[in-house]
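> need a 3D model of the following:
(chains A, B and C)
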Amino acid sequence: MSILRATAAVFRRDLALAWAAGGGAAAPVGFFIGATTLIPLTAGPDRATLALIGAPLLWLTAALAALMVLERLFQADLEDGSLDQLLLSPAPLELLVAAKGAALWVAIGAPLALAAIPMALAMQTPPHAAPVVALGLLVGLAAFIGAGLFGAALAAGVRRGGVLIAILVLPFFAPPIIFGASAASAAVEHGLFTPAFSLLCACALGAVALGPIGAAAALRLHLE
Amino acid sequence: MSDATWFDSLAHLMADKNWGYIWPCYALAVATFALLGLRAVLLLRRWEARAKGVEKT
Amino acid sequence: MFAYFANPERFMRISAWALPIAAALAVLLFAIGLPWAFLFAPPDFRQGESARIMFVHVPAAWWAMGIYTFMAIASFTGLVWRHALADVAARAAAPIGAAYAALCLITGSFWGQPTWGTWWEWDARLTSMLVLFLTYVGYLALWAAIEDETRAARLAAILCLAGFINIPIVHFSVDWWNSLHQTASIIRSGGSSMDKSMMQPLLMMAGAYLAAFAALLMAGMRAEVFRRRVSAAALRRARAS
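Numbering: from 1, shown residues only, chains lettered A, B, ... in the order given. Predicted structure coming up:
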């Protein structure tokens, strides 16, 4: 019972922190909107072009927005000693790390996915496909955060670790981006349940399952 | 074999339309190994010398 | 056998004679293989002379993956058995593997232009090989960023193992996805489909790349062992004074 309570406590704490610190979800969502706005500025406002590449490019900007928040995951907690406290908890570190990731997904991932609906419409995605794209992004963000937990844990404590985290997680971001962008393209004709979406879900499940395990292993090394 | 000597083979190769794609690859391979080898030699010499110096003290 | 090689002293004694032999073997294999590949191997039936690029591209691809596998085994050994030299081996192998991966990508690009009409294509094989190169870069970046060496070794080992999933993806990518890149013609069930006149120089070049890796690896490991001796001695002196 106390394992559950400890995990829930970590989840609640991280959720509160994510919403409070640095404007909460406003910064990553704002970045997502801003970066997406750059797309028609570079690719041209031609509707046909945007309809073709707009929704897949949302995956790029969402991935970049996710990279932005990964640094926060362990940096502050490592510095002020809260991570050491986590080691003392009855719950396994893997579970607590997963709870931190879940909190990030709810606090940042959900608003990002919601913001993707108007952004998809702006990218000339037809209205019936926009929620499909957003749902795909929500799943993809779970994959990004799963992999991001691992990268952030490896680079915890490194000064200005954000760029290092980005380099480390790039190989693991590639499959969800590939499948997710493909699913976004297919959403217009084929709706939600495309093969690409299935593969995306597989990536997300794998990242969510394995990311916390790798992250916990790395964190233990930092806390020795 | 019509191209009996290596020189004929080389001339034939240089006349090929893809010559400009072929020779840079071989040059790059040779350069890569030369640089890797140089780096290895320099690193080894530096640290071996310093380690021998340390042993004497 | 692992325990036998775990002793740094023994490694230094063995590599003292093994390194020159590997280096000499590499030079010999290149001296024979390069002219053979460059001039004397027959041109390809369809691609003509540009297929000669295969002899520098394919061994680089093979060993970029092979070296990463070596690093993964070394990382695993270092993590599980605290094998003294395993971390040194992984660290020394990484720059070589990265160079091979870069060589593979660039020569592949030069081969792609006359063959497919494009310098680059985001298909599964090329993308996954690029991801392998980026994994090498990330591995080296992590080593550089962490100050404590033992911690850096362990963290990098975890990263290396996590990235290993890419290796089967690179190899099977041409089977799993439609790709510009040709499908497997050498390492596949049913045996190779390549003619002997091209297979022989290819295998010789592959041997040359391997011998070069062995020599470069031993040199890097020896340099690292010397470096650690120097820094250990400096630490002793600092403590004594």
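> quickly find the element holding the residue nearest to residue C:163 when sequence neighbours are not counted.
The shortest distance from residue C:163 to any residue that is not its chain neighbour, by CB to CB, 6 or more residues apart in numbering or on different chains, is 4.3 Å, and that residue is residue C:135. C-beta: built from backbone N, CA, C; applies to glycine. Using DSSP states H and E, the secondary-structure element containing residue C:135 is helix C:124-145.
> convert the C-alpha atoms of that helix to CSV, please.
Only the C-alpha atoms of helix C:124-145 are listed here, as CSV (Å, rounded to 0.1, in the frame of the first residue of the first chain):
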residue,chain,number,x,y,z
ALA,C,124,15.4,2.9,-43.7
ARG,C,125,19.0,1.8,-44.3
LEU,C,126,20.5,5.2,-44.7
THR,C,127,18.5,6.7,-41.9
SER,C,128,19.3,3.9,-39.4
MET,C,129,23.0,4.2,-40.3
LEU,C,130,22.9,7.9,-39.7
VAL,C,131,21.3,7.2,-36.4
LEU,C,132,24.1,4.8,-35.6
PHE,C,133,26.6,7.5,-36.3
LEU,C,134,24.7,9.9,-34.0
THR,C,135,24.7,7.2,-31.3
TYR,C,136,28.5,7.1,-31.5
VAL,C,137,28.5,10.9,-31.3
GLY,C,138,26.2,10.8,-28.2
TYR,C,139,28.4,8.2,-26.6
LEU,C,140,31.5,10.3,-27.0
ALA,C,141,29.6,13.4,-25.9
LEU,C,142,28.5,11.6,-22.7
TRP,C,143,32.1,10.5,-21.9
ALA,C,144,33.3,14.0,-22.4
ALA,C,145,30.5,15.6,-20.3
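> flag every buried residue along that helix.
C:124-143, C:145 (16 or more other CB atoms under 10 Å in any protein chain shown).
> stretch C:81-96 too?
Within stretch C:81-96, the residues that qualify as buried are C:83, C:85-96, counting by 16+ other CB under 10 Å.
> which residues does residue A:106 contact?
residue A:15 (CB atoms under 8 Å, 6 or more residues apart in numbering or on different chains).
> and if we set it to 10 Å?
Listed by CB atoms under 10 Å, 6 or more residues apart in numbering or on different chains, the contact partners of residue A:106 are A:11, A:14-15, A:18-19, A:25.
> what is the nearest of those residues to residue C:68?
Sorting the contacts of residue A:106 by how near they are to residue C:68, with CB to CB, puts residue A:14 at the top with 34.6 Å.
> the closest one: what secondary structure?
Secondary structure of residue A:14, reduced to three states by DSSP: H, G, I helix; E, B strand; the rest coil: helix.
> from chain C, how far out is the residue nearest the centre of chain B?
Relative to the mean C-alpha position of chain B, the nearest C-alpha, by CA atoms, centre = their mean, is the one of residue B:30, at 2.7 Å. Residue B:30 is 8 Å from chain C, where distance means CB to the nearest CB, to the nearest Å.
> cool, residue A:166 as well?
According to CB to the nearest CB, residue A:166 and chain C sit 9 Å apart.
> count of neighbours near that residue?
By the criterion of other CB atoms under 10 Å in any protein chain shown, residue A:166 has 20 neighbours.
> and the buried residues of stretch C:81-96, which is the shakiest by pLDDT?
Lowest pLDDT of these: residue C:83, 83.
> please report phi then psi for the closest residue to chain B within chain A.
Checking chain A residue by residue against chain B with CB to the nearest CB singles out residue A:167 as nearest, at 22.3 Å. Residue A:167 has phi and psi values of phi -60, psi -40 when expressed as degrees, to the nearest 10.
> any idea how many residues pack against it?
For residue A:167, the number of neighbouring residues by other CB under 10 Å comes to 19.
> do the same with the one 10 residues further on
Under the neighbour criterion other CB under 10 Å, residue A:177 is assigned a count of 20.
> now it: closest residue in space, sequence neighbours ignored.
Once flanking residues are discounted, residue A:177 sits nearest to residue A:59: 5.3 Å by CB to CB, 6+ apart.
> so that neighbour makes contact with residue A:183?
Yes - in this structure, residue A:59 is within contact of residue A:183 by CB atoms under 10 Å, at 9.2 Å.
> the more surrounded of those two?
For residue A:59 versus residue A:183, neighbours defined as other CB under 10 Å are more numerous around residue A:183 (31 against 26).
> following the chain onward from the helix or strand containing that one, which element is next?
Using DSSP H and E, residue A:183 sits in helix A:161-190. Beyond helix A:161-190 in the direction of the C-terminus, DSSP H and E gives the next helix or strand as helix A:195-222.
> farthest-separated two in the buried residues of stretch C:81-96?
Comparing all pairs in the buried residues of stretch C:81-96 by CB to CB, the longest separation belongs to C:83 and C:95, at 20.7 Å.
> pLDDT on stretch C:44-56, on average?
Taken as a whole, stretch C:44-56 has a mean pLDDT of 82.
> so how far is the first residue of that stretch from its last?
Start-to-end span of stretch C:44-56 (CA to CA, to the nearest Å) is 15 Å.
> tell me the pLDDT at residue C:190?
58.
> now the strand or helix carrying residue C:199, how far from the centre of its chain.
With elements delineated by DSSP H and E, residue C:199 resides in helix C:196-240, which encompasses its position. Taking CA atoms, centre = their mean, to the nearest Å, one finds the center of helix C:196-240 at 12 Å from the center of the full chain.
> then stretch C:33-46?
Average the C-alpha atoms of stretch C:33-46, do the same for its chain, and the two points are 24 Å apart (CA atoms, centre = their mean).
> what does stretch A:75-83 give?
The chain centroid and the centroid of stretch A:75-83 are separated by 21 Å, computed with CA atoms, centre = their mean.
> and that stretch, is it in reach of chain C?
No - with CB under 10 Å from any CB of the partner chain as the threshold, stretch A:75-83 lies outside contact range of chain C, at a closest distance of 12.8 Å.
> pull up the distance across stretch C:50-58, start to finish.
With CA to CA applied, stretch C:50-58 spans 13 Å between its terminal residues.
> now the most centrally placed residue in chain A: how far from residue A:212?
Central residue check for chain A by CA atoms, centre = their mean: the C-alpha nearest the mean position is that of residue A:141, 3.5 Å away. Here the distance between residue A:141 and residue A:212 works out to 16 Å (CB to CB, to the nearest Å).
> so residue C:120 sits right up against residue C:129, yeah?
No - with the criterion set as CB under 10 Å, residue C:120 and residue C:129 do not qualify as a contacting pair; they are 11.3 Å apart.
> find the residues that touch each one of the two.
Taking CB under 10 Å, 6+ apart as the contact criterion, the residues that touch both residue C:120 and residue C:129 are C:105, C:108.
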